[in-house]
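> Provide a 3D model corresponding to the input given below.
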Amino acid sequence: MKNHIRIFFTSVFFLLGSVIAYTPGVNAHCQIPCGIYNDHARVMSMLEDTVTIEKSIKMIQELSSSKDAQSQNQLVRWIMNKEAHAQKIISTVCDYFLTQRIKPGGKDYSERLENHHKVIVDAMEAKQNTGMEFVKTLRKDIEALLPYYPEH
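Residues are numbered from 1 along each chain as shown. Below you'll find the predicted structure:
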């Protein structure tokens, strides 16, 4: 009986360890003081994600009237793609800019917080909706971050 319990617990720990080991991480920069930053590249990456969200919305609109299995499959894939890229923008703002690049006490601290928060909300709305107006707002608010992070 004790052998069965040991095998059971060993299996459970192995399974939990496997799940933890294969959990994908956030793709923002590290949160150690490495000093390696390319803020402009992060903003450009978010703009690229916006283009992908725009393409996804176009395809969702196009495929939504089709009822065949292949079109429905592609529709789901485009929805998932839109969600993933919007979440990537949210993660970049939260895990990179808000935690590492916006410093309390700066003269424009409140302004920066507000502008970065707009991008988070815009990305959330792009996840929730399929209108192009949400993409336009997201792009505009990401572009508004560019003056904070000029190209080197």
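> in the protein, which spans are strands?
With DSSP state E, there are no strands along the chain.
> separation between the residue nearest to the spatial centre of it and Cys94?
Nearest to the mean C-alpha position of the chain, by C-alpha atoms, centre = their mean, lies Lys88 at 1.3 Å. Going from Lys88 to Cys94 by C-beta to C-beta, to the nearest Å gives 11 Å. For the C-beta atoms, the positions are set from N, CA and C on the backbone; glycine is no exception.
> give the contact list for Ile53.
Contacts for Ile53 were tallied using C-beta atoms under 8 Å, 6 or more residues apart in numbering; they are Lys82, His85, Ala86, Ala126, Val135, Leu138.
> The residue nearest to the last one when sequence neighbours are not counted: neighbour count?
Spelled out, it's Leu138. Sequence neighbours aside, Asp122 is the residue nearest to Leu138 in space, at 4.0 Å (criterion: C-beta to C-beta, 6 or more residues apart in numbering). Asp122 sits with 24 neighbouring residues when counted by other C-beta atoms under 10 Å.
> Make 24 the first number, not 1, from now on.
Okay, using 24 as the starting number, the last item reads as Asp145.
> sorry, back to before: any chance of CSV for the contacts of Ile76, columns pLDDT and distance to Ile125?
Supplementary listing: these in CSV, determined by pLDDT from 0 to 100; distance: C-beta to C-beta, whole Å:
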residue, pLDDT, distance to Ile125
Lys105, 98, 27
His108, 98, 23
Ala109, 98, 21
Ala149, 98, 22
Val158, 98, 25
Leu161, 98, 19
